[in-house]
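A.B. asks: Mind folding the following:
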Amino acid sequence: MAACALVATADGTVSFSERHRVDQILERLDQLRVFDPHEAIDLFDDFVEELKESPEAGRTAALERLAKIAEDQESSHLLVRICCAVSEADGKFSTAERQQIEEICQALGLTLEDTGLSS
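C.D. replies: Numbering: from 1, shown residues only. Sure thing, here's the model as predicted:
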């Protein structure tokens, strides 16, 4: 949820379509069904609020959360694909969102090329 919040807020607004995409991802991905979707959305909202209220502190907290899965390459790759899906939810993959996904990749020890999403 930290990564989704980083991407969703990258262009300055969190659109309804981005929020809806997070819901869809939680419902559809088998790997995420172990999480309570309501708790996950609450966590997403908490990260979004923190990023709005204190961008630098929010960004630091979110990136620290990502570091916890950096050793798990499969989870890291899945997370980047989820971030791309969130960024494309509103029909555009903005420069700010791309830059944010690249920063997420760096926090995970990846590049977009590593994930096959460099185009």
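A.B. asks: report the longest helix in the protein, please.
C.D. replies: helix 37-53 (DSSP state H).
A.B. asks: Does anything pack onto it? Which helices or strands?
C.D. replies: helix 2-9, helix 16-28, helix 55-67 (3 or more Cβ pairs under 8 Å, 6 or more residues apart in numbering; DSSP states H and E). C-beta: built from backbone N, CA, C; applies to glycine.
A.B. asks: Pull out the buried residues from the second one.
C.D. replies: It stands for helix 16-28. Residues E18, R19, R21, V22, I25, L26 are the ones in helix 16-28 that count as buried (16 or more other Cβ atoms under 10 Å).
A.B. asks: can you put the residues you listed in TSV and add distance to K52 and pLDDT?
C.D. replies: TSV is the format used below for the buried residues of helix 16-28 (distance: Cβ to Cβ, whole Å; pLDDT from 0 to 100):
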residue	distance to K52	pLDDT
E18	14	93
R19	14	93
R21	19	94
V22	16	94
I25	22	92
L26	22	91
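A.B. asks: Among the helices and strands packed on helix 37-53, which comes closest to S94?
C.D. replies: Shortest distance between S94 and these, using Cβ to Cβ, is found for helix 2-9: 9.8 Å.
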